[in-house]
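[1] Structure for this input, please:
(one chain, ligands or ions: 1)
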Amino acid sequence: MEEYDQLLVLRNAVHVRRGLAGQLATGIGSGFGSRARSGAASGAATGAGTLAGAVDSGQRALLEASVARVAPRAAELVAWFYTRLFATRPYLRGLFPADMADQHDRLLAALLGLVADCDRPDILGPRLTRLGRDHRKYGVRTAHYAGVGETLIAALAHFSGTGWDAATEAAWLRLYTYAMTVMTEAADSADDEPPYWYATVVAHELRRPDLAVLGLRPAAPYRYTAGQYTTVESSRLARLWKPYSLATRPGAGNLLELHVRALEPGGLSEVLVHRTAVGDTLRLGPPLGDLTLPADPRAKLLLVAGGTGLAPIKALLQEAIRTPGITVIRLLLAGRDRDDLYDLDALGDLAARHRHVDIRPVVDGEPDALLDQVPDLAGHEIYVAGPPEMTRAVLTRLAELDVPPGQVHHDPYY
Ligand SMILES: NC(=O)C1=CN([C@@H]2O[C@H](COP(=O)(O)OP(=O)(O)OC[C@H]3O[C@@H](n4cnc5c(N)ncnc54)[C@H](O)[C@@H]3O)[C@@H](O)[C@H]2O)C=CC1
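    Below you'll find the predicted structure:
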């Protein structure tokens, strides 16, 4: 049986290599060598446009069945994939951090996300565009994608055993080629901005034993929208990038503020809170996220923040203060206890200077009690950021109160 499996893997690997090489040569209709250049903003449409769609409904069913087949051994599959990738292409190891645990989770999430929306280029296109642009910070090149795809499909084939057939392979090839096309086009289109930004730590305040507020000054202008997040890397944990929301609104003198709580030892948050000082240099990836004000927001804004979820909310609060037409801004600020509300001074200043800003600290608050403080919820544009349990609880309560989902904004990553 083992021998049969090995033969199967070998056959698949050869087959995959040929398939991928063939698809790359023909570019599945996308005209690979002659891709038209396009602006970053239109990258999504580019990817979705050059390929008619990611996959068709028949292929979607095959991909879902394929994922279901390998799901029980997903962690093993990802480990197999990276072992094979680095054995066959050792030069790729240098693009990844020493500790690969995060990377394993990310690959799995990316694969599941790809399949979940595999026939929705309107959703996948923009997501892959952002991913391709963001991947420049890792040093990923177009030439790396084919080897990754080949190894990925070999891994899927290996863990599918006899459940793998030519049609399944074709569906994966099509989906991967689609993803690769959109990502590489987005990376090419982003060459008017750096792949990453160096930023100097200009302020570092330990506000609680485990919580710091950092001020960063990027070496080159960093353009973002209030409510977005960046990814951060420290040379103390090379190539391990983690997301942190920006607590400043753009235009604050190219000065960025991060709020970081070190929940567990050994991670980047611990490095940023306890082993980073003024004068240190960090690297930042391009801005990401859609937790931003709409072009034409409602007159009333309700902001709900828990713990360091305050970071994007503070940026939105400052942006909203300057947005004409927003006449009421309410912030519900949840914390473990009053001592945990680490930024009350700055927020108090804002409220004192702007009469339409109302800030209510809530300690040990239940989401019902939290929201019950606000009359006329349905009339508000609502933003929520904080621990996942809090965000979920608030969203559930808002749904119970029939607040239309279009009025409620939150990051999906927390
Ligand atoms: N863009 C975003 O959405 C951001 C989210 N975060 C997330 O925020 C969290 C912050 O962590 P910490 O500062 O340690 O916060 P934490 O774990 O201390 O929680 C802060 C407060 O949220 C409230 N809360 C928690 N669970 C709740 C529930 N089920 N119902 C009602 N209220 C609840 C409590 O008042 C609690 O004191 C992290 O999970 C982080 O990933 C952080 C930054 C940005």
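[2] who's in contact with residue 333?
    305, 310, 341, 344, 347, 359-362 (CB atoms under 8 Å, 6 or more residues apart in numbering). C-betas here are computed from N, CA, C, even on glycine.
[3] hang on, I meant residue 246
    Going by CB under 8 Å, 6+ apart, residue 246 touches 224, 226, 228-230, 256-258, 287, 311-312, 315.
[4] ranking the residues you listed by neighbours, who comes first?
    With neighbours taken as other CB atoms under 10 Å, the top of these is residue 312, carrying 31 neighbours.
[5] That residue and residue 229 touch, don't they?
    Yes: between residue 312 and residue 229 there is a contact under CB atoms under 8 Å: 6.8 Å.
[6] any common contacting residues for those two?
    Shared contacts of residue 312 and residue 229, defined by CB under 8 Å, 6+ apart, comprise 245-246, 289, 291, 411.
[7] SS state for the residue of the stretch 1-150 of the chain at minimum distance from the ligand?
    Nearest residue of the stretch 1-150 of the chain to the ligand, counting by CB to the nearest ligand atom: residue 102, 14.0 Å away. With DSSP: H, G, I helix; E, B strand; the rest coil as the basis, residue 102 sits in helix.
[8] gap between it and residue 210?
    Using CB to CB, to the nearest Å, one gets 20 Å for the distance from residue 102 to residue 210.
[9] just residue 291 next, same as before
    For residue 291, the distance to residue 210 equals 24 Å [CB to CB].
[10] Please apply the same query to residue 319.
    Here the criterion is CB to CB. By it, residue 319 lies 28 Å from residue 210.
[11] Ok, residue 168 next?
    As judged by CB to CB, residue 168 and residue 210 stand 48 Å apart.
[12] The two: who's more crowded?
    Between residue 168 and residue 210, residue 168 has the larger neighbour count (other CB under 10 Å), namely 20 against 15.
[13] Could you check how far the strand or helix carrying the more buried one is from the centre of its chain?
    If you go by DSSP states H and E, residue 168 is part of helix 166-189. Its chain's average C-alpha position is 19 Å from that of helix 166-189, according to CA atoms, centre = their mean, to the nearest Å.
[14] In contact with the residue of the stretch 101-250 of the chain found nearest the ligand, which residues?
    Proximity to the ligand, evaluated over the stretch 101-250 of the chain using CB to the nearest ligand atom, is greatest for residue 245 at 3.9 Å. Counting by CB under 8 Å, 6+ apart, residue 245 touches 227-229, 258-259, 289, 291, 308-309, 311-312, 315, 385, 411.
[15] May I have the beta-bridge partners of it?
    Note on residue 245: beta-bridge partners by DSSP bridges are residue 229.
[16] And the helices in the stretch 1-150 of the chain?
    In the stretch 1-150 of the chain, the segments counted as helices under DSSP state H, counting those that start in this stretch are 2-26, 43-50, 57-70, 74-88, 101-116, 121-135, 142-160.
[17] got the residues of the stretch 151-300 of the chain near the ligand?
    The stretch 151-300 of the chain comes close to the ligand at residues 229, 245, 261, 291, as judged by CB under 6 Å from any ligand atom.
[18] Show me which pair in those is furthest apart.
    Farthest-apart pair in these is 261 and 291; separation 18.7 Å (CB to CB).
[19] For the shared contacts of residue 312 and residue 229, work out which two are farthest apart.
    Across the shared contacts of residue 312 and residue 229, the longest distance by CB to CB is 12.1 Å; it joins 246 and 411.
[20] Quickly list what's touching both of the two.
    Common neighbours of residue 246 and residue 411 (CB under 8 Å, 6+ apart) are 229, 312.
[21] In the stretch 251-400 of the chain, which residue sits nearest the ligand?
    Closest to the ligand within the stretch 251-400 of the chain is residue 307: 2.2 Å, counting by CB to the nearest ligand atom.
[22] separation between that residue and residue 271?
    The gap separating residue 307 from residue 271 is 19 Å, by CB to CB.
[23] same question, residue 128
    For residue 128, the distance to residue 271 equals 30 Å [CB to CB].
[24] So those two - more neighbours on which side?
    Higher neighbour count among residue 128 and residue 271: residue 128, with 30 against 22, using other CB under 10 Å.
[25] For that one, which non-adjacent residue is closest in space?
    residue 182 (4.0 Å; CB to CB, 6 or more residues apart in numbering).
[26] and residue 213, what does it touch?
    Contacts of residue 213 by CB under 8 Å, 6+ apart are 203-205, 207, 247, 257-260, 342-343.
[27] about what we covered before: can you give me the neighbour number for the closest residue in space to the residue of the stretch 1-150 of the chain closest to the ligand that isn't next to it in sequence?
    Leaving aside its sequence neighbours, residue 102 sits nearest to residue 240 (CB to CB, 6+ apart; 6.9 Å). By other CB under 10 Å, 21 other residues sit near residue 240.
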